[in-house]
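> One predicted model, sequence on top.
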Amino acid sequence: MQWPIWRVAVAERSMEPALRPGDWLLVWRGLRANRPLRVRPGQIVIASNPQLPGMLLVKRAARQESGGWFLSSDNPGAGAVDSRQFGPVGPEAIKGTVLVRYYRTG
């Protein structure tokens, strides 16, 4: 059984100013492991990086396309890796939706 709420730390600057390194997020990953999550455009999501499957990304679900979700960074100038590099991701790549940021350093 997986817990439906998960804690994730922000490590990079690609989502500034909304999220900064050191912020902690509570993430909803659903009650059923194999059921796709409901995602709305504009939501911040946790997704698997298609180029490095073991790495998770914190990105904004910009729009839904025929190939899945186009994920974008709020701060692309920070060397962000998002759908501009790897294209849209399928619903199975979305691991959770961010509920709240609960801690910020500095």
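Received it, and whenever you're ready, just let me know what you need.

> list the contacts for Ala18?
By CB atoms under 8 Å, 6 or more residues apart in numbering, the contact list for Ala18 reads 44, 74. (Each C-beta comes from the backbone N, C-alpha and C, glycine too.)

> Please read off the pLDDT at it from the model.
For Ala18, the model assigns a pLDDT of 94.

> Relative to Leu31, how far out is it?
27 Å (CB to CB, to the nearest Å).

> Show me where this structure has its helices.
All helices of the chain, identified by DSSP state H, fall at 83-86.

> just the strands in it please.
Per DSSP state E, the chain carries strands over the ranges 5-9, 24-28, 44-49, 52-65, 68-72, 94-103.

> hang on, isn't Pro50 packed against Val89?
Yes: at 6.0 Å, Pro50 and Val89 qualify as touching, with contact defined as CB atoms under 8 Å.

> Could I get the contacting residues of Arg70?
I think there's a mix-up here, since residue 70 is Phe and not Arg. Shown in contact with Phe70 (CB under 8 Å, 6+ apart): 61-64, 83, 87-88.

> Can you select the buried ones among those residues for me in ChimeraX?
Here is the ChimeraX command that picks out the buried ones among the contacts of Phe70, judged by 16 or more other CB atoms under 10 Å:
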select :61,62,83,88
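
> could the contacts of Phe70 be laid out in JSON lines, adding distance to Gly96 and pLDDT?
Shown next, in JSON lines, are these (distance: CB to CB, whole Å; pLDDT from 0 to 100):
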{"residue": "Ala61", "distance to Gly96": "11", "pLDDT": "98"}
{"residue": "Ala62", "distance to Gly96": "17", "pLDDT": "97"}
{"residue": "Arg63", "distance to Gly96": "19", "pLDDT": "97"}
{"residue": "Gln64", "distance to Gly96": "17", "pLDDT": "96"}
{"residue": "Ser83", "distance to Gly96": "18", "pLDDT": "96"}
{"residue": "Gly87", "distance to Gly96": "21", "pLDDT": "96"}
{"residue": "Pro88", "distance to Gly96": "18", "pLDDT": "97"}
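
> Low-confidence stretches in this structure?
Counting by pLDDT under 70, the low-confidence segments of the chain come to 1, 104-106.

> Can you pick out the most distant pair from the contacts of Phe70?
The span of the contacts of Phe70, defined through CB to CB, is set by Ala61 and Gly87 at 14.1 Å.
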